[in-house]
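[1] okay, sequence plus prediction incoming.
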Amino acid sequence: MRATFAVVLTFLLSLACGKAGAAGSSQFNVATPGGNVLVEGFASNSGASRPAVIILSGSHGFAPPAYDELGRSFNAAGLDAYLVHLLTPADQQVIVRAGSAPARIDYYATRLADWIAAVRGVVSYLNSQPRYAGKVGVLGISLGAQTAAAASVDRRDIGALVLVDGGFPDGYSQPIRSLPPLYIVWGSADRVFPVATARELQRMAQGLGGSASLNVYPGGAHNFFLKSGPQAAAAHQGAADFFLSQLSK
């Protein structure tokens, strides 16, 4: 009986220890020059030092379940993932009611400076945490990629950048002297931003003297990264591998 009890107790303790080191979803607010920003974390509870990646959504926000899947898959790969809610409810209402792509683009231009400031504020906050110092990356998708690209210009506190189906905003005219190590993910069937946009982005980054790689997924539509299936899973893993290679040095 005592032996059986000891085995059961050992099993329960092992479960408890496993849960203590597992990823936990949490929410907190970060005060930034662009306003208070809600951040949703998929981070290890172990307290160990490991890289952090912030994720910026497309124009639909974080409603698609793929974002939670992405956060969990990054965490399982060894990254603490943070969904940064740049789009306020008011933003999302305006975007939905805009009625046309030009109207949406015009609205994005009015908000870009605040979104950039918010991204940089969250990056600074994470870098102030001892376990993340110097190990912060940024991933943006579509509209989030446009914000991520602009927010990463000439920044030494961003260790790696992944842009998915999006580059610099239309009309972006600020000088660009450097970018973090860059990994570009694109669908070959993207009808919003053609693959030529991705190739030009890669050439521009390489022309600045930085590293820039491009992975084009055959047949991938503009939102393929947020779809379930083996292609999206492979794209998620490729992004995670890139972050680990850059942020674990």
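    Yep, it's here.
[2] what comes up buried for whatever helix or strand residue 124 lives in?
    For residue 124, the host element (DSSP states H and E) is helix 101-127. For helix 101-127, burial by neighbour count (16 or more other CB atoms under 10 Å) applies to 104, 107-108, 111-112, 114-123, 125-127. Bear in mind the C-beta positions are built from the backbone N, C-alpha and C, glycine included.
[3] now do that helix: distance to the chain's middle.
    Chain-centre distance of helix 101-127: 14 Å, with CA atoms, centre = their mean, to the nearest Å.
[4] what's the helix or strand just after it in contact with?
    Sequence-wise, the next helix or strand downstream of helix 101-127 (DSSP H and E) is strand 136-141. Residues outside strand 136-141 that contact it (CB atoms under 8 Å, 6 or more residues apart in numbering) are 51-58, 79, 119, 123, 126-127, 146-149, 151-152, 157-166, 180, 225-226, 239, 243, 246-247.
[5] okay, now the unreliable bits of the chain?
    The chain contains residues with pLDDT under 70 at 1-24.
[6] quick one, helices of it?
    Ranges of helices within the chain are 2-21, 66-77, 89-97, 101-127, 143-151, 195-207, 230-247, based on DSSP state H.
[7] just say which of those helices is most tucked in.
    helix 143-151 (a mean of 26; mean count of other CB atoms under 10 Å).
[8] list the helices and strands it packs on?
    strand 52-56, helix 101-127, strand 136-141, strand 160-164 (3 or more CB pairs under 8 Å, 6 or more residues apart in numbering; DSSP states H and E).
[9] which strands border the third one, and is each parallel or antiparallel?
    Put plainly, it is strand 136-141. strand 52-56 (parallel), strand 160-164 (parallel) (DSSP bridges).
[10] in TSV, list those strands along with distance to residue 219 and mean neighbour count.
    Shown next, in TSV, are these (distance: least, CB to CB, whole Å; neighbours: other CB atoms under 10 Å):
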stretch	distance to residue 219	mean neighbour count
strand 52-56	24	27
strand 160-164	16	27
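[11] redo the ones you listed as JSON lines? Include distance to residue 201.
    Formatted as JSON lines, these follow (distance: least, CB to CB, whole Å):
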{"stretch": "strand 52-56", "distance to residue 201": "16"}
{"stretch": "strand 160-164", "distance to residue 201": "7"}
